[in-house]
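J.: After the sequence you'll find the predicted model.
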Amino acid sequence: MQSDEELMRAARVRAEEKLGFYAHFSAYIIVNALLVLVWWFGGDGYPWFIFPLGIWGIFVAIHAVRVFVGGAGVTDRMAQREYERLKRGKG
C-alpha cells in the first residue's frame, strides 16, 4: 500500500500529464483554425491545411492515448504484476 505522500506525488504527475495534453490539444485547435482561415481568405485553392491538420492530429491522438489510456497506469499495473510474480519466485 502506498503512503499518502506517494499517492500525492503520483496524482501530481498524472495531473501534469493531463494539463500537458490539454495545452497540446488547445494549440492544435487554435493553430489549425488559423491555417484554415488563411486558406479560406487566401483564395480557396487546394486545401493544403489538411496536411498539417492530419499529421499533427496523429500526434495529438498518440498523446491522448498515452495520457488517458496507457501511460503511468499501464506501467504501474505491469510493475505490480511483475513484482508479485518475482515475490512468488516465478521470475
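T.: Arrived safely.

J.: Okay, buried residues for the helix ranked longest in the chain please.
T.: In the chain, ranked by residue count with DSSP state H as the criterion, the top helix is helix 4-41. Neighbour counts over helix 4-41 (16 or more other C-beta atoms under 10 Å) mark 17, 21, 28, 32, 35, 39 as buried. Where C-beta positions appear, they are placed from N, C-alpha and C, glycine not excepted.

J.: So the fifth one is in contact with Pro52, correct?
T.: Translated: Leu35. Yes - using C-beta atoms under 8 Å, Leu35 is in contact with Pro52, at 6.2 Å.

J.: Any figure for the gap between the most far-flung residue of the chain relative to its centre and Tyr83?
T.: Within the chain, the residue lying farthest from the chain centre (C-alpha atoms, centre = their mean) is Gly89, at 35.7 Å. According to C-beta to C-beta, to the nearest Å, Gly89 and Tyr83 sit 12 Å apart.

J.: By mean pLDDT, which helix or strand of this structure comes out lowest?
T.: Counting by mean pLDDT, DSSP states H and E, the chain has its least confident helix or strand at helix 72-88, which shows a mean of 75.

J.: what angle sits between that helix and helix 4-41?
T.: For helix 72-88 against helix 4-41, the angle by axes from the mean of the first three to the mean of the last three C-alpha atoms, to 10 degrees is 150 degrees.

J.: residues in contact with helix 72-88?
T.: For helix 72-88, contacts defined as C-beta atoms under 8 Å, 6 or more residues apart in numbering pick out 10, 13-14, 17, 91.

J.: Need these in a markdown table (columns: pLDDT and distance to Arg77).
T.: Formatted as a markdown table, those follow (pLDDT from 0 to 100; distance: C-beta to C-beta, whole Å):
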| residue | pLDDT | distance to Arg77 |
| --- | --- | --- |
| Ala10 | 80 | 13 |
| Val13 | 85 | 15 |
| Arg14 | 85 | 14 |
| Glu17 | 90 | 16 |
| Gly91 | 55 | 17 |
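
J.: Between all of these, which two are at the greatest distance?
T.: For these, the farthest-apart pair by C-beta to C-beta is Glu17 and Gly91; their separation is 30.1 Å.

J.: ok, of the contacts of helix 72-88, which one's closest to Asp44?
T.: Nearest to Asp44 among those is Glu17, at 39.7 Å by C-beta to C-beta.
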